[in-house]
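Chemist: Return a 3D structure for these sequence lines:
(one chain, ligands or ions: 2)
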Amino acid sequence: MNLILLGPPGAGKGTQAKILEEQYGLKQLSTGDMLRAAIAAGTETGLKAKAIMDKGDLVSDDVIVGIVSERLDKPDVAKGVVFDGFPRTPAQAEALDKMLAGRGSKLDAVIEMRADDEALVGRIAGRFTCKTCGKSYHDKFQPTKKPGVCDNCGGTEFVRRADDNEKTVRDRLQVYNRQTAPLVSYYAKAGKLSVVDGMAEIGAVTASIAKVLNGVAKG
Ligand code: AP5
Ligand code: MG
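Modeler: Ligands and ions are numbered 1, 2, ... in the order given. Got it, this is the predicted structure:
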């Protein structure tokens, strides 16, 4: 099964994608995480992407489609993919349709996670992530069970993102509303769109997503 988690910064895409990996054996494909890995590795793509990401703008469609296409050729995506933060423009959405069709696959569902802009700013300001496995936490809403230790992998080093400050988050929200929100009608027209309340508690959001996926599995 291939699905897209569509939603603004802080909607909970990464949080839910990690849960879906565990529950359904799917692979999370986060273009944001891939770009941050490229920056950390000092690759040419990473060097070009860093300034754009720090401003909250979108990296070019060509670069993004290139890294996704390469990722889809790896054998570990055979059971399906949770696309997290991709596609973000109509051109990326069309490219994804072609990439999947070219691999004898298709998109099964698109889940729009709706959330309120002000709440998103608060979520992002409190976010920190495990350096080892990438699991997201929040100072207030989702602390680690044991202080300083990742629940998922036992890692003890955590990072805060360079673009997680209020100014950049507001810019990212504007970019989402302008460039990515049109995908809602693109996927509604294709009959693939379901909407969940991203403002609910993390467990309740997971339950709403499970309901959608059960419906898809039954056809
Ligand atoms: P990306 O990394 O994709 O960032 P984003 O879309 O801005 O989304 P976030 O990762 O900030 O939010 P999330 O929805 O994953 O929330 P999370 O689960 O962590 O992209 C970064 C940049 O890379 C872009 O700005 C762009 O420059 C570039 N880029 C990436 N992909 C691209 C593409 N396809 N094309 C072009 N450029 C691209 O949750 C947030 C916090 O809230 C956490 O602390 C979490 O614990 C907490 N939380 C989660 N759910 C809940 C809940 N239900 N209740 C309370 N708290 C919650
Ligand atoms: Mg994320």
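Chemist: need the contact list for Y137.
Modeler: Y137 makes contact with R127, F128, T129, C130, P143, T144, F158, according to CB atoms under 8 Å, 6 or more residues apart in numbering. Heads up, the C-betas are built off the backbone N, CA and C, glycines and all.
Chemist: Can you flag the buried ones in the residues you listed?
Modeler: R127, F128, T129, C130, T144, F158 (16 or more other CB atoms under 10 Å).
Chemist: Got the phi and psi for the fifth one?
Modeler: Read that as T144. phi -70, psi 150 (degrees, to the nearest 10).
Chemist: Who are the contact partners of it?
Modeler: So, once contact is read as CB under 8 Å, 6+ apart, T144 ends up touching Y137, C150, D151.
Chemist: ok, now how distant is K98 from ligand 1?
Modeler: 16 Å (CB to the nearest ligand atom, to the nearest Å).
Chemist: tell me which element that residue is part of?
Modeler: For K98, the host element (DSSP states H and E) is helix 90-102.
Chemist: Tell me the buried residues in that helix?
Modeler: The neighbour-count check on helix 90-102 (16+ other CB under 10 Å) flags Q92, A93, A95, L96, M99, L100 as buried.
Chemist: is the helix or strand just after that helix up against ligand 1 anywhere?
Modeler: Moving toward the C-terminus from helix 90-102, the next helix or strand (DSSP H and E) is strand 109-114. No - using CB under 6 Å from any ligand atom, we find that strand 109-114 stays clear of ligand 1, coming within 7.1 Å at best.
Chemist: contacts for strand 109-114?
Modeler: Under the criterion CB under 8 Å, 6+ apart, residues 1, 3-7, 11-13, 16, 183-184, 187, 192-199, 205, 209, 212-213, 216 lie in contact with strand 109-114.
Chemist: And these, which of them are buried?
Modeler: 1, 3-7, 11-13, 16, 183-184, 187, 192-196, 198, 205, 209, 212-213.
Chemist: how about TSV for the buried residues of helix 90-102, with pLDDT added?
Modeler: Listed next are the buried residues of helix 90-102 as TSV, based on pLDDT from 0 to 100:
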residue	pLDDT
Q92	98
A93	98
A95	98
L96	98
M99	97
L100	97
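Chemist: what are the ranges of the strands in the protein?
Modeler: Assigned by DSSP state E, the chain shows strands spanning 3-6, 27-30, 81-84, 109-114, 127-130, 136-138, 158-159, 193-197.
Chemist: could I get those strands as a markdown table with distance to T43 and mean pLDDT?
Modeler: Listed next are the strands of the chain as a markdown table, based on distance: least, CB to CB, whole Å; pLDDT from 0 to 100:
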| stretch | distance to T43 | mean pLDDT |
| --- | --- | --- |
| strand 3-6 | 26 | 98 |
| strand 27-30 | 17 | 97 |
| strand 81-84 | 21 | 98 |
| strand 109-114 | 30 | 98 |
| strand 127-130 | 20 | 94 |
| strand 136-138 | 24 | 93 |
| strand 158-159 | 19 | 96 |
| strand 193-197 | 34 | 98 |
